[in-house]
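> Fold the following.
(one chain, ligands or ions: 1)
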Amino acid sequence: MKDYKNILTETEGATGIITINRPKQLNALNKETIAELHEAFDRFNKDEKIRTIIVTGSGEKAFVAGADIKEFMNFDTAQGRELAAKGQELLFDFVENLDTPVIAAINGFALGGGLELALASHIRIASDNAKMGLPEVSLGVIPGYGGTQRLAQIIGKGRAMDMILTATMIDAETALNYGLVSEVVPQAKLMEAVIDKARQLQKNSPKAQSFAIKAVNAAYTKTGFETEKDLFGQAFSTEDFKEGTTAFVERRKPGFSGK
Ligand code: DAK
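Numbering: from 1, shown residues only. Sure thing, here's the model as predicted:
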């Protein structure tokens, strides 16, 4: 297996397992991690022996606590838009459109870009301690990796609006009730449950599964994703964005001016 700096990869039978491994930053996604994830997903997807891919986070606390705030807080409008587009191409759209089914094993906090990665995956299974949310508007930005589109597609517009506008987290039981995850299991049983699901998937035709993924995805137009990228870029030039990200780093509550 190739050595990466921010992720670990292994195989278990016909399953490729990718673990995001920045536990001190709660597995937050920086640019380098996104590039490594792209490479690992691509490699497993091209490997005919691999029939299912699992993505999870290391440690017991977090799947992924979002994009790396300390990295993106200094981006301007152009960088924000460009990086949102690039991130979607390399990771979020990429995962959604893979031929090989991807299961997100949500083992703790799945926030912002972390929840967006789970939303781009084909199946989501959570541990009972998991917490999910899109806290972007609390930082003065909006979900920029497809969250405004995919969350509404999966749980419906009303609940998605509530979660996005309040920036609140929901627990695993609520996520199950919303249809955001298809199973909740005790944390110690999570990997066993996702491997079981992977084996179940492996009984079926890989070719038909890749066609089915494309057919399901074809229902959703690209217009909304383009709007999200534009507005996400614009958010980077606001005072609220500077205030929201600075307040996070300074561990204080933000005082938004609405500018
Ligand atoms: N980025 C960077 N560091 C993070 C982080 C993050 N998202 N989340 C946590 N950490 C770091 C903390 O700063 C802390 O580091 P030290 O202070 O120890 O050095 C360490 O992880 C442990 O976190 P806490 O001390 O805060 O742990 P708690 O148990 O108290 O709280 C928490 C856990 C998950 C509730 C809290 O850490 C938290 O609220 N984290 C931030 C959640 C969040 O707002 N995530 C970002 C959502 S916005 C972009 C595209 C998309 C996006 C951005 C840019 N471009 C294309 C440019 C998307 C944005 C998002 O994802």
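> The residue in the chain that the ligand sits nearest to: neighbour count?
For the chain, the residue closest to the ligand is Gly112, as judged by Cβ to the nearest ligand atom, at 2.2 Å. The way it works is simple: take the backbone N, C-alpha and C, and place the C-beta from them, glycine included. Residues lying near Gly112 (other Cβ atoms under 10 Å) number 27.
> Leaving out sequence neighbours, find the closest residue to it.
Gly66 (3.1 Å; Cβ to Cβ, 6 or more residues apart in numbering).
> Pull out the buried positions in stretch 176-185.
Within stretch 176-185, the residues that qualify as buried are 176, 178, 180-181, 184-185, counting by 16 or more other Cβ atoms under 10 Å.
> farthest pair in the residues you listed?
With distances taken as Cβ to Cβ, the most widely separated pair in the buried residues of stretch 176-185 is Tyr178 and Val185, at 17.1 Å.
> Please enumerate the strands of this protein.
Under the criterion DSSP state E, the chain carries strands at the ranges 7-12, 15-20, 52-57, 62-64, 102-106, 109-111, 123-127, 131-133, 169-171, 183-185.
> Would you convert those into a markdown table that also reports mean pLDDT?
Below are the strands of the chain laid out as a markdown table (pLDDT from 0 to 100):
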| stretch | mean pLDDT |
| --- | --- |
| strand 7-12 | 98 |
| strand 15-20 | 98 |
| strand 52-57 | 98 |
| strand 62-64 | 98 |
| strand 102-106 | 98 |
| strand 109-111 | 98 |
| strand 123-127 | 98 |
| strand 131-133 | 98 |
| strand 169-171 | 98 |
| strand 183-185 | 98 |
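> so which of these gets nearest Thr148?
strand 131-133 (13.6 Å).
> Stretch 14-31: how far from the chain's middle?
11 Å (Cα atoms, centre = their mean, to the nearest Å).
> Report the separation between Thr238 and Ile195.
Separation of Thr238 from Ile195 (Cβ to Cβ, to the nearest Å): 44 Å.
> cool, and Phe75?
Taken as Cβ to Cβ, the span from Phe75 to Ile195 is 38 Å.
> neighbours around the closest residue to Gln149 other than its chain neighbours, how many?
Of all residues not flanking Gln149 in the chain, Gly224 sits nearest, at 4.6 Å (Cβ to Cβ, 6+ apart). Neighbour count of Gly224, defined by other Cβ under 10 Å: 15.
> So Gly224 sits against Gly147, correct?
No. Using Cβ atoms under 8 Å as the test, Gly224 is too far from Gly147 to be in contact (11.1 Å).
> Distance from the least confident helix or strand in the chain by mean pLDDT to the middle of the chain?
Sorting the helices and strands of the chain by mean pLDDT, DSSP states H and E puts helix 77-87 at the bottom, at a mean of 80. Centroid displacement of helix 77-87 relative to its chain, using Cα atoms, centre = their mean, is 17 Å.
> helices and strands around it, which ones?
helix 223-235 (3 or more Cβ pairs under 8 Å, 6 or more residues apart in numbering; DSSP states H and E).
> Surely Ile53 touches Ala105?
No. Using Cβ under 8 Å, Ile53 makes no contact with Ala105, being 10.8 Å away.
> Just list the residues touching the spatially closest residue to Ile106 that is not a sequence neighbour, thanks.
Ranked by Cβ to Cβ, 6+ apart and with sequence neighbours excluded, the top spatial neighbour of Ile106 is Ala126, at 4.1 Å. For Ala126, the contact set (Cβ atoms under 8 Å, 6 or more residues apart in numbering) comprises 106-107, 110, 132, 172, 175-176, 181, 183-185, 190.
> Kindly recompute the last result at 10 Å.
Going by Cβ atoms under 10 Å, 6 or more residues apart in numbering, Ala126 touches 63, 104-108, 110, 118, 132, 171-173, 175-176, 180-185, 187, 190, 193.
> nearest spatial neighbour of Ser121, skipping sequence neighbours?
Nearest residue to Ser121, sequence neighbours excluded (Cβ to Cβ, 6+ apart): Ala104, at 3.9 Å.
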